[in-house]
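> sequence and predicted structure below; questions after.
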Amino acid sequence: MSMPIIKKLHIACVLEDGKLGGPQIYTLRMAVALKEKIDITIVMPMENSENFRKLCDISGVSYKTFWLSRITKEWKVALRYVLFFPYEICRLALYFFKEKFSLVYVCGGSWQYKGAIAGRLSGSKVVWHLNDSSFPFLFRKIFRSLSPLASGFIYASIRSKEYYESLIKYNVNEFVIPSPVDTARFDPTNNYTISENLHKEIGDKIVIGTVANISPVKGLETMIRSASLLNKDFKNLIFIVIGSISHRQQAYFSELKSLCSEFSVDNLLFVGSYTDIRPILKKIDVYICSSLSESSPISVWEAMSMGKPIVSTDVGDVNIYVKHNKNGFIVDVGDERAMSKYISVLIKDKGIKHDFGKISRNTAVNKLDSKFCALHHIKAFNHVLNYEDDDEL
């Protein structure tokens with residue numbers, strides 16, 4: 001006989017990196033969508049988490065901070081990670097044990113070893129969220145040895161599942177749940193106010209934009225080369241990149257600026273990060289994703305929710321929700337010629353652009369909304385804990 005469902009699970013969602021990005025937004029949206037059903041506490045580092053904590057406060061989501069070092073190429077920080085590894089695990093495990101969590105959900109990817117180890121040491125079941133499809137060899141080996149700690153895995157995409165399944169050498173609960181988008185908040189019919197300076201920069205130009213932190217994995221070189229090709233055919237374009245530039249990526253950012261100069265792309269704006277990207281998304285005519293690797297890119301889903309046609313490299317599960325020649329176009333990674341060709345189609349034909357945007361919005365509402373993500377998560381958690389599934393959220 002199955003156990004009766006517990007209506008208020010007590011779950012710790014662990015993130016070992018506090019910098020606001022895809023995993024943090026994913027975790028927060030899931031927590032907001034589930035907070036009437038599940039008692040969730042987000043566990044995060046004290047360092048670099050100010051913006052994330054502010055969003056948690058605004059959303060009414062509980063959180064607990066620890067001094068958690070992170071994996072990095074900076075040798076001083078990496079040394080601290082190794083030296084404090086046992087101590088930080090013990091602190092987490094004691095906290096999990098004291099709070100008697102039903103389950104520890106390791107949210108930030110396959111390198112989040114501390115949460116998985118501490119969760120098992122505390123006696124809680126562990127579910128591990130895997131959100132990428134490319135990872136260095138050494139870290140794959142470590143993950144493979146630690147994967148038996150988990151009672152279940154939630155993959156952000158089918159590609160992530162295919163990538164990691166070969167490393168998991170035992171039978172385990174597995175679920176594929178795409179990253180969520182709050183379609184009520186990312187609604188193109190709402191009124192948004194863009195900053196005066198950016199409004200002046202954009203004017204009445206056609207806007208091609210992307211949301212991407214400055215990082216080599218985002219493939220912004222492809223965007224720059226596409227912009228160079230498009231500028232030969234159109235004189236009223238502006239390209240926008242919305243995303244933070246960390247001090248670790250300053251050298252790479254300089255390379256991108258040099259590439260812009262090399263290809264005479266003087267109409268590309270790196271506008272930095274914004275707390276609310278919706279006003280800029282609304283101004284974008286064509287949204288592009290030039291990434292080399294993704295899993296379930298929230299930024300693309302947000303653009304779809306805002307009714308934008310998409311031109312994206314074939315990464316992650318984008319091609320499941322962006323159907324070629326239906327609500328966007330899919331191109332090979334690094335293919336700037338195909339990207340510029342399909343952007344041109346959308347610039348020239350406003351009817352197609354409108355129709356594609358409408359389908360994007362409908363797809364986001366019907367397949368990627370936070371409520372569906374929440375429903376799938378609660379079913380996954382209940383399954384791992386051997387509880388009966390709720391019929392509805």
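Looks like it came in fine.

> so, low pLDDT: which residues of the stretch 51-200 of the chain?
Under the criterion pLDDT under 70, the flagged ranges of the stretch 51-200 of the chain are 73.

> show me where it has helices.
Counting by DSSP state H, counting those that start in this stretch, the segments of the stretch 51-200 of the chain that form helices are 75-99, 113-121, 137-146, 158-165, 196-202.

> go through those and pick out the most buried.
Among those, helix 113-121 has the highest mean neighbour count (mean count of other CB atoms under 10 Å), at a mean of 23. (C-beta placed from N, C-alpha, C; glycine too.)

> what angle separates it from helix 137-146?
Using axes from the mean of the first three to the mean of the last three CA atoms, to 10 degrees, the direction of helix 113-121 lies 10 degrees away from that of helix 137-146.

> what comes up buried for stretch 56-64?
56, 61, 63 (16 or more other CB atoms under 10 Å).

> and the first one, what does it touch?
Contacts of residue 56 were listed using CB atoms under 8 Å, 6 or more residues apart in numbering, and they are 28, 42, 62-63.

> closest to residue 17 among these?
Residue 17 has its nearest neighbour among the contacts of residue 56 in residue 42, at 12.3 Å by CB to CB.

> how near is the nearest residue to that closest one once chain neighbours are set aside to residue 57?
The shortest distance from residue 42 to any non-neighbouring residue, by CB to CB, 6 or more residues apart in numbering, is to residue 63 (4.3 Å). Distance, residue 63 to residue 57, by CB to CB, to the nearest Å: 9 Å.

> do residue 9 as well
Taking CB to CB, one finds residue 9 at 23 Å from residue 57.

> isn't residue 371 right up against residue 36?
No. Between residue 371 and residue 36 there is no contact under CB atoms under 8 Å: 11.3 Å.

> so for these two, which sits in the more crowded spot?
residue 371 (15 against 10; other CB atoms under 10 Å).

> the more buried one: what secondary structure?
Here residue 371 is recorded as helix under DSSP: H, G, I helix; E, B strand; the rest coil.

> now swap in residue 229 and tell me
helix.

> so the nearest residue to it once chain neighbours are set aside is in which element?
Spatial nearest neighbour of residue 229, excluding adjacent residues (CB to CB, 6+ apart): residue 340 at 4.0 Å. Residue 340 is part of helix 336-348 when elements are defined by DSSP states H and E.

> mind checking how far the helix or strand containing residue 210 is from the chain centre?
Element membership for residue 210 (DSSP H and E) is strand 206-211. Put simply, strand 206-211 sits 19 Å off its chain's centre (CA atoms, centre = their mean, to the nearest Å).

> partner strands of that strand, with direction?
strand 237-242 (parallel), strand 286-289 (parallel) (DSSP bridges).

> any idea of the mean pLDDT for the last one?
This points to strand 286-289. Averaged across strand 286-289, pLDDT comes to 98.

> immediately after it, which helix or strand?
Per DSSP H and E, the first helix or strand lying C-terminal to strand 286-289 is helix 298-305.

> from the contact counts, what lies against that next one?
For helix 298-305, the packing partners by 3 or more CB pairs under 8 Å, 6 or more residues apart in numbering; DSSP states H and E come out as helix 22-34, strand 206-211, strand 286-289, strand 310-313, helix 318-321, helix 350-363.

> show me the one of these that comes nearest residue 156.
That would be helix 22-34 among these, by CB to CB, at 7.7 Å.

> show me the shaky parts of the stretch 251-393 of the chain.
The stretch 251-393 of the chain contains residues with pLDDT under 70 at 388-393.

> give me that answer again for 80
By pLDDT under 80, the weakly predicted segments of the stretch 251-393 of the chain are 387-393.

> show me the contacts for the residue lying closest to residue 162 once chain neighbours are set aside.
Among residues not flanking residue 162 along the chain, residue 133 sits closest, at 7.8 Å (CB to CB, 6+ apart). Going by CB under 8 Å, 6+ apart, residue 133 touches 157, 159-160, 162-163, 293-295, 315-316.
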